[in-house]
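>>> Requesting a structural model of the entry that follows:
(chains A and B)
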Number of protein chains: 2
Amino acid sequence: MLKHLVRVRAIAKTAISSSFPKPKNKISCHSIPLTFAISSSPMAATDESLRKSLAEKHAAVEAQGNAVRALKAAKAAKPEIDAAIEALNALKLEKSSIEHSLLGGSDSREAFRQSVVNTLERRLFYIPSFKIYRGVAGLFDYGPPGCSVKSNVLSFWRQHFVLEENMLEVDCPCVTPEIVLKASGHVDKFTDLMVKDEKTGTCYRADHLLKDFCNDKLQRDLALSSDKVAELKHVLAMLDDFSAEELGAKIKDYGIVSPETKNSLSDPYPFNLMFQTSIGPSGFSPGFMRPETAQGIFVNFKDLYYYNGNKLPFAAAQIGQAFRNEISPRQGLLRVREFTLAEIEHFVDPLDKSHPKYPEVADLEFLMFPREEQMSGQSAKRIPLRDAVSKGIVNNETLGYFIGRVYLFLTRLGIDKDRLRFRQHLANEMAHYAADCWDAEIECSYGWIECVGIADRSAYDLRAHSDKSGVPLVAHEKFAEPKEVEKLVITPVKKELGLAFKGNQRMVVEALEAMPEKEALDMKAALESKGEVEFQVCTLGKNVTIKKSMLTIQKEIKKEHQRVFTPSVIEPSFGIGRIIYCLFEHTFYTRPSKAGDEQLNVFRFPSLVAPIKCTVFPLVQNQKYEEVAKLISKSLTAVGISHKIDTTGTSIGKRYARTDELGVPFAITVDSTSSVTIRERDSKDQVRVDVDKAASVVREVTEGQRTWEDVWSTFPHHSSTSADE
Amino acid sequence: MLKHLVRVRAIAKTAISSSFPKPKNKISCHSIPLTFAISSSPMAATDESLRKSLAEKHAAVEAQGNAVRALKAAKAAKPEIDAAIEALNALKLEKSSIEHSLLGGSDSREAFRQSVVNTLERRLFYIPSFKIYRGVAGLFDYGPPGCSVKSNVLSFWRQHFVLEENMLEVDCPCVTPEIVLKASGHVDKFTDLMVKDEKTGTCYRADHLLKDFCNDKLQRDLALSSDKVAELKHVLAMLDDFSAEELGAKIKDYGIVSPETKNSLSDPYPFNLMFQTSIGPSGFSPGFMRPETAQGIFVNFKDLYYYNGNKLPFAAAQIGQAFRNEISPRQGLLRVREFTLAEIEHFVDPLDKSHPKYPEVADLEFLMFPREEQMSGQSAKRIPLRDAVSKGIVNNETLGYFIGRVYLFLTRLGIDKDRLRFRQHLANEMAHYAADCWDAEIECSYGWIECVGIADRSAYDLRAHSDKSGVPLVAHEKFAEPKEVEKLVITPVKKELGLAFKGNQRMVVEALEAMPEKEALDMKAALESKGEVEFQVCTLGKNVTIKKSMLTIQKEIKKEHQRVFTPSVIEPSFGIGRIIYCLFEHTFYTRPSKAGDEQLNVFRFPSLVAPIKCTVFPLVQNQKYEEVAKLISKSLTAVGISHKIDTTGTSIGKRYARTDELGVPFAITVDSTSSVTIRERDSKDQVRVDVDKAASVVREVTEGQRTWEDVWSTFPHHSSTSADE
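Numbering: from 1, shown residues only, chains lettered A, B, ... in the order given. Next up, the predicted model:
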């Protein structure tokens, strides 16, 4: 029998790790927690990329200026010169906007975020939930375009991971009985430290208050001594390492009070972040809304292994809602009380973590931030995956394979590869049982955000549920021929044990039989030298005296037909909402309207995630054009392209602007009954295509069978000055 | 100001109506509740359809017998005769199985259900959740094939409803603050009556105990007087009409005790079926896990109406988890504590409930069970939808349109149209505000199960949230030209009112201004005749005396530019889990193995819902064949067909049987390097196709671009005796 050690699932994952139990023991350690990673990283990489863009833009302005001068010198036609000037002005505007961002620092980051968020809310990508009742912090609805983006992201996830890898997808309930989350460690350890306003009872996260105090002091108090500055910076760095007592002491030391009322605060105490409920009417069956989907897979391991023909490796996957009752949610869509997780548990023989498809990703090269670079104060750097695995920076092939697949997944969605890095957990961030952990972090206006966690969790989770349930969650490797193995055999002498321990005999026997080999050999030696020995029986909660006559311990040669072992699990876990929010920021940009009097918003979504693939506009309100539009709409439906007809009398420029704001990649404008124009969102380029070909061209280019460049070089160009903006 | 009447959402929907508040008032009435509909309907229609099948099978056996005799007489080749005999035996077996079902009655229904459920559990279509911890009643996981079926059903739902109708899909959280569910009526009325074992505290649904008692008595007590029989039957019919007091009295009268302990029972009392929790750490913000998804749409009406260009009609849709904390779940997958709902709220002008696409479904004809037929003891009958709408049996075109669309949705999934009926709610089942309600009921081994509710709920829900939140959830119809309307204008004389009511003046004024026209006219008449009148002010909770000097009431001609109104909502609501369970039963059948020594299970899933579309088998373990199989697998992936390779050395017959049990429609067997066979699941027919065409043929036939009959008539046939079973 395995001893019931209390172990904690150190959840190195998306929406979870930052507020997971503090690293007060060797089991779960998060010394550089997410909250710190977010707030203290001064968006260095963004500054860098901004500077790069600025240099590029500067060169482009110069080149375009020369072009305009050349046109004027050559006395080119007025429309041509005007178009060149217009392009020049646009470039200048973009340049000054980058300069502004660089100078503005955090203000500009907030301004950028505000304009993204305004657009998202105005176009109903998302809505604060229950808005008419003044909302609930940390709960958001996806409105129609957001819902569509989410559904596209999930479809692609299913395609990219579940179907391509033949994973076993499952769908388990959110309501979870206490025993499951007791086994996983969540009931005891899934907590944040909280303080209460002693008069009003308002609750705050203790670390947030301390962090805000330190940041505020550092920013505003110009008279701070350098010692004090160092002290406050040290506190910020240690924030997630503090125990309740240490946090409480700092709060007292600094005289931190309740932010709104200035009342004094209680001592910090742990608050469990799971939503608790009661299953059935009796009140005796406590349950929780699951804080992650993974446990539903672990408890089904036995059935899934059987379903897979009792063969390893295999992966199970689950997409579903997870819940965490945040003390005081901040950071909009990034820290919410209910969110969609997509999790994979890849079960593998701990003796063989190779992966047959690893060579398909080994040549990828991207930003990695290994442990060593973090410790020595360097920054993330581009490393070929093959090198990272072969040099042992990434623990094994399977982990490497998933890191590569996650990179492909995120960049295909439209995440900027220069603002995506894979950060390795430091040794003290990981649980003692974990072999290696990497987070896919995406940089946005909040800093570097952990969006996917990829962890080799060894056999921990399956063992925890085996222990608690008594059901062995193990795999078998049949030997081609039986193997002779030398085994230590512990044979209790039941009569002696019965006399000595009576009713407790069974528990003593079980404990003796469950001894690890080393312990048994030590006992054998002790019994031979001393004749008796003290022995701890966990299930009795006490020591007993074992005498030499009570058992034999000896090595025997045995024939074994199979190896029985607990599989290791490699777990990529995706915070879908966080990925989507970062995608919104990475694809958002503004450009001047044709008149130059306003900034227009655009989401540069790849077709794969765009909420609608195409819009169809009759150029003017006219029955003939509307009929053509309907015809094209029918063809689009037939080839499965989601689209929308806009027959309002609004100007075509405004209709393009509307559609750009939803990130619709293509627009078909009906300006004759025989042919139409197709406009690409980002270049604003238009080609002219026959009515009966329009739908199939849009299909080819949205489904990736054909590039826009190819379309552009195949069909006659349509001058944008006539109809566009 | 609208008065805050306490109204209840009479939820005529899938997973909800049966345990919704009992019809003790004119607001919510369910006098023929679902539980009764399930248990008391003696599967008449199944018996009928069984008898029909039996007659058909009888004729088929006779015909096949003649064919065998004819072959023998003609001295046909032995394989031909053998094949004919085999077919004859199969038909006889099917015939006797139907006879058995007919004779067996409820036993055979349970045996049938047991064999479906065994297959489903063995092949991991679903798994009792948290099985290694002995499970939790009413919670189930979908395993890999079940998860895939569910995902196919939801994709098709999205295609058939959301995309085809341009609905606005939203995605709202499950965690819901109390105020929202207070407005909807769930906090006060979403209850079942419960009794407790007075010693052990075990809880039971009061109506279940009474029902079990009556059924048991009727079945086992042969000495019952005819009066007693009538009484018990009456109790069964009235079960859902009983108040807590009436139920308690019956339980006392009949001496019903706790089923396991025989202890006495408490009086019945209401138990709220929502899972309760607490939002945030304060403990002052009660919340619930939503019992339906609809409220998330209603509270967003204003934004969605704006998103739709302030135009009616439009529909919003949501797919998501819903929760109900059943007292004692029964009926396997049909009554669960957590389930997936897919709901549509179609908002429409109450003065115009026509639907532009109604003609597309008007010619459909299917089983309908109007109110009148139910009251007069008739059974459901086939009615053309056009007639039902034109005769006013179905209240309006939009409701009719959705009934037709639901029919198409369910039958395309594979629901047997002869075991699908649309049952109209009786007048006393409906809430007072509802215009009309129809349930799509599907017959399975549990009886007729309500799987989709389609209700015209008038303006009730939007009004309830307008009232509670103070945010007007209304639509506007702009007049082309301003209209002159005669309007009753109530003008308070503030000075007089101030003198009379002081601090209460505002509330009196608001109440006066909110008077409906009729009430105001009555007041005007009373004031003119008597000079003063008593007036109830709800917000003050008392009557006040209004004098003639305090206000003027008179008709005035006013110019109006728009009409402001609360839209009606038509709500189709789908219990996805119930539909899937019924689909499992409707598509399941058994057939004898080739040797005739066992019954093999088959799910006759249409390709649309089949968890995997195709399997690929090398006929024997052989490197060349395996390479061809891999090649075909690659082509299938390229054309997006989900499939599985089975390279085990198992006999081909067993591999076919395995794949039939998962409902896989097609199997490609590689028996040469140039061509392969494609086998259709239900006919077991095989054709021979070139290797490079196999994937595209399977794609065409699974995507419905081509029928199997067409494939069968195009390609050379492959004799099944050589390889199949």
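>>> contacts and neighbour counts: CA atoms only from here.
Noted.
>>> quick one, phi/psi of A:Pro356?
Dihedral pair for A:Pro356: phi -60, psi -30, per degrees, to the nearest 10.
>>> and it, how far is that from B:Leu662?
Distance, A:Pro356 to B:Leu662, using C-alpha to C-alpha, to the nearest Å: 28 Å.
>>> So between those two, which is more surrounded?
Counted by other C-alpha atoms under 10 Å in any protein chain shown, A:Pro356 and B:Leu662 do not tie: B:Leu662 has more neighbours, with 23 against 10.
>>> Could you find the closest non-adjacent residue to the more buried one?
Closest residue to B:Leu662 apart from its sequence neighbours, by C-alpha to C-alpha, 6 or more residues apart in numbering or on different chains: B:Phe603 at 6.5 Å.
>>> my guess is A:Asp349 meets A:Pro313, correct?
Yes. With contacts counted by C-alpha atoms under 8 Å, A:Asp349 reaches A:Pro313, the gap being 6.8 Å.
>>> ok, these two, which is more surrounded?
Neighbour totals were compared for A:Asp349 and A:Pro313, and A:Asp349 leads with 21 against 18 (other C-alpha under 10 Å).
>>> Can you pull up the most central residue in chain A?
Geometric centre of chain A, nearest residue: A:Cys451, 2.4 Å, by C-alpha atoms, centre = their mean.
>>> Could you identify the helix or strand that succeeds the helix or strand containing that one?
Assignment of secondary structure by DSSP states H and E places A:Cys451 within strand A:447-456. Using DSSP H and E, the next helix or strand after strand A:447-456 towards the C-terminus is helix A:460-469.
>>> Partner strands of the next helix or strand after that next one and their direction?
For helix A:460-469, the following helix or strand on the C-terminal side (DSSP H and E) is strand A:475-492. Here strand A:475-492 has these sheet partners by DSSP bridges: strand A:551-565 (antiparallel).
>>> ok now the partner strand, how far from the chain's centre?
How far strand A:551-565 lies from its chain's middle: 44 Å, per C-alpha atoms, centre = their mean, to the nearest Å.
>>> For the helix or strand following it, give the mean pLDDT please.
Going down the chain from strand A:551-565, the next helix or strand is strand A:568-575, by DSSP H and E. Regarding strand A:568-575, the rounded mean pLDDT is 97.
>>> Equivalent analysis for stretch A:326-333, please.
For stretch A:326-333, the per-residue pLDDT averages 85.
>>> Mind listing residues that contact that stretch?
A:137-138, A:140, A:192, A:194, A:203-205, A:273, A:335-337, A:446, A:577-578, A:581, B:280-281 (C-alpha atoms under 8 Å, 6 or more residues apart in numbering or on different chains).
>>> Check stretch A:686-697 too.
With C-alpha under 8 Å, 6+ apart, stretch A:686-697 has contacts from A:628, A:632-633, A:635-636, A:639, A:668, A:673-680, A:711-712, A:715-720.
>>> How many neighbouring residues does the residue nearest to A:Met507 when sequence neighbours are not counted have?
The shortest distance from A:Met507 to any non-neighbouring residue, by C-alpha to C-alpha, 6+ apart, is to A:Thr539 (6.7 Å). The local packing of A:Thr539 (other C-alpha under 10 Å) involves 14 other residues.
>>> you'd agree A:Thr539 is in a helix?
No. Residue state for A:Thr539 (DSSP: H, G, I helix; E, B strand; the rest coil) corresponds to coil; a helix is not indicated.
>>> Can you pull the residues of the stretch 101-250 of chain A lying near chain B?
Residues of the stretch 101-250 of chain A lying close to chain B by C-alpha under 8 Å from any C-alpha of the partner chain are A:123-124, A:129-133, A:136, A:139-144, A:147-148, A:163, A:168-175, A:177, A:179-180, A:201-203.
>>> which stretches of chain A have low pLDDT?
Scanning chain A for pLDDT under 70 picks out A:1-52, A:96-97, A:99-106, A:720-725.
>>> on that earlier part again, work out the sheet partners of the strand holding A:Cys451 and label each with its direction, please.
Using DSSP bridges, the strands paired with strand A:447-456 in its sheet are strand A:436-444 (antiparallel), strand A:568-575 (antiparallel).
>>> Just put those strands in JSON lines and tack on mean neighbour count.
Below are the strands paired with strand A:447-456 laid out as JSON lines (neighbours: other C-alpha atoms under 10 Å in any protein chain shown):
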{"stretch": "strand A:436-444", "mean neighbour count": "25"}
{"stretch": "strand A:568-575", "mean neighbour count": "26"}
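>>> Just give the number of residues close to whatever residue of the stretch 451-600 of chain A ends up closest to chain B.
Relative to chain B, the nearest point of the stretch 451-600 of chain A is A:Ser469 (5.8 Å; C-alpha to the nearest C-alpha). Other residues near A:Ser469 come to 19 when the count uses other C-alpha under 10 Å.
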